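Undergrad: predicted structure and sequence below. I'll ask about it afterward.
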There are 2 protein chains.
Amino acid sequence: MDKLIYIIPAVSVLGLLFALILAMRVKKQDPGTDRMKEIAASIHEGATAFLFSEYKIIVIFVAVIFLAIGFGIGNWLEAVCFLVGALFSVAAGFFGMQVATLANVRTANAAKEKGMAKALSVAFSGGAVMGLCVAGFGLLGISAIYAITKNADVLFGFSLGASSIALFARVGGGIYTKAADVGADLVGKVEAGIPEDDPRNPAVVADNVGDNVGDVAGMGADLFESYGGAVISAMTLGLAFTKNMPGKEIYGLLFPLCIAAIGLLSSIIGTFFVRGDKNPAKSLKVGTYVASAAVLVAALVLSYVMFGSVYFGVTIVAGLIVGVLIGQFTEVYTSDAYKSVKKIAKQSETGSATNIISGIAVGFQSTAVTIVLICIGIFISFFFGSKAGLNGGIYGIALAAVGMLSTTGITVAVDAYGPIADNAGGIAEMSGLDKSVRSITDKLDSVGNTTAAMGKGFAIGSAALTALALFFSYRDAVSLQNIDILDYSVVIGLLIGGMLPFIFSAFTMESVSKAAYQMIAEVRRQFREIPGILEGTGKPDYKTCVAISTKASLREMIVPGILAVAVPILVGCLLGINALGGLLAGSLVTGVLLAIFMSNAGGAWDNAKKYIETGNHGGKGSESHKAAVVGDTVGDPFKDTSGPSINILIKLMTIVSLVFAPIFLKIGEGAGLIEWLAQR
Amino acid sequence: MDKLIYIIPAVSVLGLLFALILAMRVKKQDPGTDRMKEIAASIHEGATAFLFSEYKIIVIFVAVIFLAIGFGIGNWLEAVCFLVGALFSVAAGFFGMQVATLANVRTANAAKEKGMAKALSVAFSGGAVMGLCVAGFGLLGISAIYAITKNADVLFGFSLGASSIALFARVGGGIYTKAADVGADLVGKVEAGIPEDDPRNPAVVADNVGDNVGDVAGMGADLFESYGGAVISAMTLGLAFTKNMPGKEIYGLLFPLCIAAIGLLSSIIGTFFVRGDKNPAKSLKVGTYVASAAVLVAALVLSYVMFGSVYFGVTIVAGLIVGVLIGQFTEVYTSDAYKSVKKIAKQSETGSATNIISGIAVGFQSTAVTIVLICIGIFISFFFGSKAGLNGGIYGIALAAVGMLSTTGITVAVDAYGPIADNAGGIAEMSGLDKSVRSITDKLDSVGNTTAAMGKGFAIGSAALTALALFFSYRDAVSLQNIDILDYSVVIGLLIGGMLPFIFSAFTMESVSKAAYQMIAEVRRQFREIPGILEGTGKPDYKTCVAISTKASLREMIVPGILAVAVPILVGCLLGINALGGLLAGSLVTGVLLAIFMSNAGGAWDNAKKYIETGNHGGKGSESHKAAVVGDTVGDPFKDTSGPSINILIKLMTIVSLVFAPIFLKIGEGAGLIEWLAQR
């Protein structure tokens, strides 16, 4: 059984090879007319340019952390693992986004030449490359490092590397996409009165680039981080669980790795079930369900084979099912098929204020289901884990996170499919393709909106469980028997930690405002200065808009980025390991809640507006519609920037605390500098 | 020294006598013209009618809890204390509001006949009656019960009684005031185009009633609860601290009582410093500072006399100063003299959406200062408390809460002054008094807006410290050495507890919408059906509007009320005392944060609108103004209903857990029913 440790990297490579095949198949498709190729090239170039600019900042950040781990903790092996984690996350994001920016135009052309079924297939294949890259690179990095070093603790370095990239990809990408979106909409749609995705709008390319850098690369890095964090944390907690079982010493470590490998293979199988032209929404769901079912069966069998009982298999299944359910229930609050969105639409009749109040109330309400589902997942996995033996409960919770993320390959694929379909629609519009083409891409895009909302719910749920699993590892790392909620320093930590997601969100929201403001000024300038631009005879300068979004988003992500890394280190050094434990708990609780609130309120506002646009409550152009547009605009940074960025914050702060724990332990024996001084 | 226990009730009676003198002095003032008297009578009747309707619901609720304590826990003495707590809170609220509804019209008349100085004096005297009733009845109840029973533990019954009344007064009052306000504004100001407080508006009386039931009675009950909770919790923790000190066995219990008594006397002294016509804002501050300074000196001296060191005096001072600073810093985020409000006003130029985003960002940011101040208060009081002896740290934190609330008499006076001045302005407008009168009442009212925002910050800060102090008592009551943040049931509790303030706020926000909707329908009906109403010849039917607000707010407060009581009991019974500890911590953290966010965002939106109305960014009627009105309307339920109601939620859940702890301890030895079943 121990040989498995060499088989798992092979499975990861298999997954990456399959991604390569899909990528080549996408590339082989016809990208359409010259006009389409030209637009697609602009998007591709813009997205790639953003990544390379981002890398310049990341290199500095990564170098600082690398040296901090090496010199500060003296663990150069962990520092190297950190580098590998960062590199693998970059690789996954880079390849995934390259293919996404090839798939968008080919999806548009497939819709034009071959219809819905083929368009769905191309768009989904593009997304699947991202999904398989995330799972493949993640699993390869983790399993190969362990196979080579046989040291599980240094893997947290890998996790920190993944987190660092996720921070910049999610925050920077989130700011980019909304600055471009708001800028394009406000001047183009509202002031100049030209339709969405109109080629006369100079910000339109930046808007489409934003979908790729935010919703493909950013989302991918987010889940890469969760995936790595969950698997690594389960490996180390599992190792502690089985280390005294003769002949099974590393089974606790192998089990989550095997589940991840099975999940990767199941995801590949799942991709074959996404096909047809009848009902793309159902088709995407079937793919996910098939993959989940495969993992479910395998987890129970493997648990029985390795541990002699199905208990740990049940914890995997619990996580898996909770993840799927969170997605489903997110739909209830964000889809116009249900009453919440309809209520917001109705409240738009009495103006923007009632639309806003109603959306905030829906967002607040929606926290209940997700939280209760997460709690049920924690209870079941702890309960069955405990049945398997002492300390099995905590291992069980970590395994639930692994279970939830085991099908990351296909979950990310479905999620990344959305922005590809969205881009395809934009390209069709900009290239002046026939209305029938637009109607296919619109259909695919609207499915993508729902899967995006579900994907956000899943990303939050998995971030919560991952952060919790890493939190258990933190406690082990600082050797605390317990972290007493009523220790005064824990209380202080709880309050400060609880506050951080609020401050972080305030920063990211203001960043979007500032970046959008620059974009608005530029678009106005072009409308004013370029002759014939609105008549379609003058050519808009797309590149300057892309450059503005890139520069502004990268500048704006620095402060929240530093905040996320510096605060836990400061608290750990000044107030000690107990206060830091409180901080992690506080930020976990308010972070998860704020993220759910912001994502779902944003999604609900978006769909309330769309619901009105389909002719309800007065339809497009009515007073209700104007009120709903206000809600949608408020919801944009909520759901695409601030909400998802919180996922990163809570995971990153936990992994930073974990990796730098040896330093905190040295200061006043873990009590922190202030306490140490106070005792003098 | 032990004789003090009989002197303290006497001091409380002294405070109440002074309140009586002030009340008679207010009543003696001339209520002005017949028209003024008539309007004032309507407001007075409406407010009193609301209270009596509310009492009908409270009686049922109180009876249920009374029997639950008596039969469920078998402690009939505590059940009786519960009744006394409820009755005393009702008494404070009733007398305070009666006088407030006498003071409003007399303030208007004083402004008319004698100018600013006299008007300020009458309005503040009215508020001071509320303040001294809160502190006087609170201290009398607590000290008398202990003097008679010599049993400190039954005092938690008193605290629960106070909390139960606060729940209905704050939630019901909050819904009432905003339903009436929104209803009056939306149909009157926006649709019919008549000014605020115009007598032709049928909802105008209900609007003025709302100020009294929400901002006077509701706020008073909120602080009565904090005051009682802080003092009682400090008494019991203090008793545990000194019980083994020969000759000083009850010093730990006496100290907070003495501080409260000193605070009451200092508040009376402080009221003499509120005078003059130059600068009412400064005058109110001077009164508060004088009272605080008196407590500060006395606390240090008393601490030295009783404990031989100033350490516990320092903890009182820390709480006192933090309370004052929270108020000051709240002003920074909610007053148009500072940049946050100015920024929101500027963002209104680009529409409602940017106004909303900007306001939410300001609200989020504002959490930092309050949280850091609370944390500093906790650190200092724990640190100095610990220096005084083992377990002195926790006692120190409870004392900080007492210190913060010691000047409740004058703090509530300043807070209650606001709605009285606001009412006075309304009465002046409705009675068609001269513009010069309006300008005096406007000046007083604008000061009231600032003190209201500061008062809200203070209410949140004191609620946080009180809930924390009660939380320590909870841990003692369930005999837990520690509540481990990473125990799986604590994690579940944390998440559920964190969620509750979100759900609770969603409920209260929707309640305002529903109640306002009914009010809107009624005002529209009257405008349509009563001939000559808009020309001033037909007489609007104020009473029906008052009745609608009353009925709707009482109906809407039931569900959130049940939620606040039922959830901790359910969690305690089903998941056990550890999970319940997690729940209290979770709700404390997110509750405090959400309350700060909602109160400050609401205050900032309100003042951004007013800032524009004074001629900035286009002034009244401009597009910026319209956008700012949207923010103000969203902010209304934020700052006056949902935000303040959360204070009650976190305190009430803690005291419910504490009082019903004996029941939870019986179920599966405190592990809860589910765990007990799971172990079978």
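TA: The structure has been received and is ready for your questions.
Undergrad: ok, residue A:152 touching residue A:236?
TA: Yes - taking Cβ atoms under 8 Å as the definition, residue A:152 is a contact partner of residue A:236 at 4.9 Å. (Each C-beta comes from the backbone N, C-alpha and C, glycine too.)
Undergrad: look at those two and report which has more neighbours.
TA: For residue A:152 versus residue A:236, neighbours defined as other Cβ atoms under 10 Å in any protein chain shown are more numerous around residue A:236 (25 against 20).
Undergrad: circling back: can you list residues touching both of residue A:152 and residue A:236?
TA: Taking Cβ atoms under 8 Å, 6 or more residues apart in numbering or on different chains as the contact rule, residue A:152 and residue A:236 both touch residue A:253.
Undergrad: got the residues of the stretch 51-200 of chain A near chain B?
TA: residue A:186 (Cβ under 8 Å from any Cβ of the partner chain).
Undergrad: from the stretch 51-200 of chain A, which residue is nearest to chain B?
TA: Nearest residue of the stretch 51-200 of chain A to chain B: residue A:186, at 7.8 Å (Cβ to the nearest Cβ).
Undergrad: how far away is residue A:171 from residue B:151?
TA: Computed as Cβ to Cβ, to the nearest Å, the residue A:171 to residue B:151 distance reads 56 Å.
Undergrad: surely the residue of the stretch 51-200 of chain A closest to chain B meets residue A:521?
TA: No - judged on Cβ under 8 Å, residue A:186 makes no contact with residue A:521 at a distance of 11.0 Å.
Undergrad: give me the mean pLDDT for whichever helix or strand residue A:222 is part of.
TA: Taking DSSP states H and E as the definition, one finds residue A:222 inside helix A:219-242. Helix A:219-242 shows a mean pLDDT of 95.
Undergrad: same for it, what does it pack against?
TA: Under the contact definition 3 or more Cβ pairs under 8 Å, 6 or more residues apart in numbering or on different chains; DSSP states H and E, helix A:219-242 sits against helix A:76-113, helix A:116-149, helix A:155-183, helix A:251-271, helix A:392-406, helix A:408-430, helix A:435-477, helix A:643-659.
Undergrad: which of those helices has the lowest mean pLDDT?
TA: Mean pLDDT is lowest for helix A:435-477 out of the helices and strands packed on helix A:219-242, coming in at a mean of 89.
Undergrad: thinking again about what came up before, and residue A:186 and residue A:521? which has more neighbours close in?
TA: Neighbours were counted for residue A:186 and for residue A:521 using other Cβ under 10 Å; residue A:186 has more, 23 against 13.
Undergrad: Provide the secondary structure category for the closest residue to residue A:533 other than its chain neighbours.
TA: Residue nearest to residue A:533 in three dimensions, not counting chain neighbours: residue A:540, with 5.6 Å by Cβ to Cβ, 6 or more residues apart in numbering or on different chains. Assigned by DSSP: H, G, I helix; E, B strand; the rest coil, the conformation of residue A:540 is coil.
Undergrad: got the buried residues for stretch A:455-471?
TA: For stretch A:455-471, burial by neighbour count (16 or more other Cβ atoms under 10 Å in any protein chain shown) applies to A:455-471.
Undergrad: now do the helix or strand harbouring residue A:582 and helix A:643-659, the angle between them.
TA: In the assignment (DSSP H and E), residue A:582 maps to helix A:576-613. Here helix A:576-613 points in a direction 160 degrees away from that of helix A:643-659 (axes from the mean of the first three to the mean of the last three Cα atoms, to 10 degrees).
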